[in-house]
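Q: This is the structure alone, sequence omitted:
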């Protein structure tokens with residue numbers, strides 16, 4: 001299992017990487033939009049998660065992982081539906097979504113109790 005501390009680190013690094021990938025000069029317009037909106041959505045619920053990476057402990061880890069799944073399936077769905085986008089962009093979207101689903105499957109579903117308490121005491 002991937003511990004929540006490591007998952008939290010990926011929650012900050014991967015969306016930044018996706019946003020950076022959106023800047024490729026030949027990226028399709030729709031792909032670029034998805035790759036810019038996705039990280040904003042991801043950072044929003046990451047900050048609200050009750051784990052080592054969260055700032056406002058409002059969402060449990062299982063809810064966080066459900067939000068991860070929504071984002072991942074959005075990328076996979078976009079890859080399937082955006083027929084006018086370049087094949088390389090559709091493959092990238094599918095790969096990003098599938099990688100996220102793999103991370104979800106391997107992640108611990110419960111934040112450590114002490115991380116939850118520390119987070120609650122900060123506020």
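A: Cool, the structure landed. Quick caveat, the model's predicted, so the values are computed rather than measured.
Q: any idea which helix or strand of the protein has the worst average confidence?
A: Comparing every helix and strand of the chain by mean pLDDT, DSSP states H and E singles out helix 113-121 as the least confident one, with a mean of 53.
Q: Residue 67 is in contact with residue 45, correct?
A: Yes: using C-beta atoms under 8 Å, residue 45 is in contact with residue 67, at 4.5 Å. For the C-beta atoms, the positions are set from N, CA and C on the backbone; glycine is no exception.
Q: Can you pull the residues that touch both of these two?
A: residue 59 (C-beta atoms under 8 Å, 6 or more residues apart in numbering).
Q: For the nearest residue to residue 94 once chain neighbours are set aside, the count of nearby residues, please.
A: In this structure, residue 94 finds its nearest non-sequential neighbour in residue 79, 3.7 Å apart by C-beta to C-beta, 6 or more residues apart in numbering. Applying other C-beta atoms under 10 Å, we find 22 residues neighbouring residue 79.
Q: could you say what helices and strands the helix or strand encompassing residue 79 packs with?
A: Element membership for residue 79, per DSSP states H and E: helix 61-81. Contact here means 3 or more C-beta pairs under 8 Å, 6 or more residues apart in numbering; DSSP states H and E; on that basis helix 61-81 packs against helix 29-47, helix 87-106.
Q: Just the buried residues of the shortest one, please?
A: Just to be clear, that refers to helix 29-47. 30, 31, 32, 34, 35, 38, 39, 42, 45, 46 (16 or more other C-beta atoms under 10 Å).
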